[in-house]
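Chemist: sequence unknown, structure follows:
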Ligand code: NDP
């Protein structure tokens with residue numbers, strides 16, 4: 001029979017680690033499952049795929065997403081969090097203590113903090129699977145520096161902050177960066193737009209979408225379509241990077257916990273409480289609006305404080 005843990009935290013991003021730091025300092029001996037490429041992401045979640053972070057308070061000199069996550073991990077370990085590099089692939093919330101499974105291994109918990117984050121969306125174009133990681137990627141920060149992309153024309157799809165950030169990052173490696181924006185306006189912040197518009201290597205194609213990926217062993221070109229004129233054309237490129245948003249990693253709790261229409265976990269504002277007592281959610285898995293490292297961390301702290309209260313009561 002597995003030991004019943006006070007609190008199990010699923011996945012490490014800013015929400016998971018902040019919850020771990022708080023519950024560890026409250027002497028609850030949290031157990032955190034960071035997952036092994038869970039949701040297709042390395043431990044640390046989406047933040048590890050961000051380049052420089054300029055808006056996390058306390059780092060006036062900027063800090064890379066990976067460095068920030070490593071610092072958070074170090075801090076939660078320092079206060080006694082136990083970290084397991086296993087992916088929780090099944091949970092049973094129908095009985096208390098809750099049951100969690102990583103393959104055949106079983107874990108029990110009095111309280112749970114769900115902080116599984118969100119993963120990058122894909123376009124699912126014809127040819128996409130064939131060239132996935134052979135010219136197509138959903139993470140320029142992870143893959144953009146590869147030799148395959150050096151001094152080549154690269155395409156970024158999306159008009160949000162991430163797309164602009166990725167285009168700027170890729171401009172360090174590619175010969176030309178083309179951004180495909182499906183509307184005639186960006187969704188990104190004005191500050192990011194200014195940076196991109198000033199960059200000589202980046203060119204914007206508005207009202208344009210990718211519709212097919214072509215090549216031999218690696219991507220060589222994409223078919224694009226102007227969605228106002230309907231005109232289709234071929235665009236030669238060696239790299240296609242998706243930056244079109246994310247979906248929440250809620251598969252393991254689907255059907256057991258209340259989700260919204262986009263499958264984000266519904267929480268009681270300001271508490272992290274889900275519809276199941278003793279189960280809390282924090283970070284992007286329950287926030288499709290703000291999705292910042294700092295708001296994620298804040299929600300991790302709130303969930304941890306609520307867990308502490310629940311256990312005391
Ligand atoms: P967003 O939802 O902000 O933007 C997604 C973009 O992808 C939009 O331009 C959207 O177009 C486009 N898109 C979506 N689906 C498709 C599709 N099928 N085909 C073509 N284009 C598509 O997501 P981001 O990932 O960019 O950002 C997420 C959050 O993280 C945001 O709140 C952002 O502000 C934040 N962020 C903040 C940073 C910072 O503060 N430093 C850095 C990076 C991100 P449309 O607009 O037409 O819907």
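Modeler: Good, I have the coordinates. None of these values were measured; they are calculated from a predicted model. Numbers count the residues shown, from 1 in each chain.
Chemist: point me to the residue of the stretch 51-200 of the chain nearest the ligand.
Modeler: Per CB to the nearest ligand atom, residue 160 is where the stretch 51-200 of the chain lies closest to the ligand, at 2.3 Å. Bear in mind the C-beta positions are built from the backbone N, C-alpha and C, glycine included.
Chemist: now that residue. Nearest residue, chain neighbours left out?
Modeler: residue 187 (4.5 Å; CB to CB, 6 or more residues apart in numbering).
Chemist: same thing with residue 109?
Modeler: Of all residues beyond its chain neighbours, the one nearest residue 109 is residue 8 (4.0 Å), with distances taken as CB to CB, 6+ apart.
Chemist: counting by contacts, list what the helix or strand hosting the one you found packs against.
Modeler: In the assignment (DSSP states H and E), residue 8 maps to strand 4-10. Applying 3 or more CB pairs under 8 Å, 6 or more residues apart in numbering; DSSP states H and E, one finds that strand 4-10 contacts helix 14-25, strand 31-33, strand 98-102, strand 105-114, helix 293-312.
Chemist: what comes up buried for that strand?
Modeler: Residues of strand 4-10 classed as buried: 5, 6, 7, 8, 9, 10 (neighbour count, 16 or more other CB atoms under 10 Å).
Chemist: which parts of the stretch 151-300 of the chain sit against the ligand?
Modeler: Neighbours of the ligand within the stretch 151-300 of the chain, by CB under 6 Å from any ligand atom: 157-163, 165, 182-183, 187, 209, 243-246, 291-292.
Chemist: just the ones of these in helices?
Modeler: 161, 162, 163, 165 (DSSP state H).
Chemist: could you report the pLDDT at the first one?
Modeler: The score at residue 161 is 92. That number is its pLDDT.
Chemist: that one: what's it in contact with?
Modeler: 187, 188, 189, 192 (CB atoms under 8 Å, 6 or more residues apart in numbering).
Chemist: equivalent analysis for the third one, please.
Modeler: Contacts were defined as CB under 8 Å, 6+ apart; by that measure residue 163 touches 156, 157, 179, 181, 188, 243, 244.
Chemist: excluding chain neighbours, what is closest to residue 213?
Modeler: Nearest non-adjacent residue to residue 213, counting by CB to CB, 6+ apart: residue 127, 3.4 Å away.
Chemist: an error on my part: the question was meant for residue 182.
Modeler: residue 209 (5.2 Å).
Chemist: wait, doesn't that neighbour sit right on residue 183?
Modeler: No: assessed by CB atoms under 8 Å, residue 209 is found out of contact with residue 183, at 10.1 Å.
Chemist: which one's more surrounded, those two?
Modeler: residue 209 (17 against 12; other CB atoms under 10 Å).
Chemist: and the more buried one, bridged to which residues?
Modeler: residue 225 (DSSP bridges).
Chemist: tell me the contacts of it?
Modeler: 157, 180, 182, 224, 225, 227.
Chemist: give me the neighbour count for the fourth one.
Modeler: Residues lying near residue 224 (other CB under 10 Å) number 22.
Chemist: what's the answer for the last one, then?
Modeler: Residue 227 is surrounded by 14 other residues when neighbours are defined as other CB under 10 Å.
Chemist: so who does the closest residue to it other than its chain neighbours touch?
Modeler: Among residues not flanking residue 227 along the chain, residue 207 sits closest, at 5.3 Å (CB to CB, 6+ apart). Counting by CB under 8 Å, 6+ apart, residue 207 makes contact with 181, 182, 183, 184, 226, 227, 228.
Chemist: can you tell me which of those are buried?
Modeler: Listed as buried from the contacts of residue 207 are 181, 182; burial here means 16+ other CB under 10 Å.
Chemist: dump the contacts of residue 207 into CSV; add distance to residue 235 and pLDDT as well.
Modeler: Formatted as CSV, the contacts of residue 207 follow (distance: CB to CB, whole Å; pLDDT from 0 to 100):
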residue, distance to residue 235, pLDDT
181, 14, 98
182, 15, 98
183, 19, 98
184, 19, 97
226, 12, 98
227, 15, 97
228, 17, 97
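Chemist: columns distance to residue 66 on top of the contacts of residue 207, output as a markdown table?
Modeler: Output for these, formatted as a markdown table (distance: CB to CB, whole Å):
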| residue | distance to residue 66 |
| --- | --- |
| 181 | 28 |
| 182 | 30 |
| 183 | 32 |
| 184 | 35 |
| 226 | 38 |
| 227 | 36 |
| 228 | 40 |
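Chemist: from the contacts of residue 207, which is closest to residue 97?
Modeler: Ranked by distance to residue 97 (CB to CB), the contacts of residue 207 are led by residue 182 at 46.8 Å.
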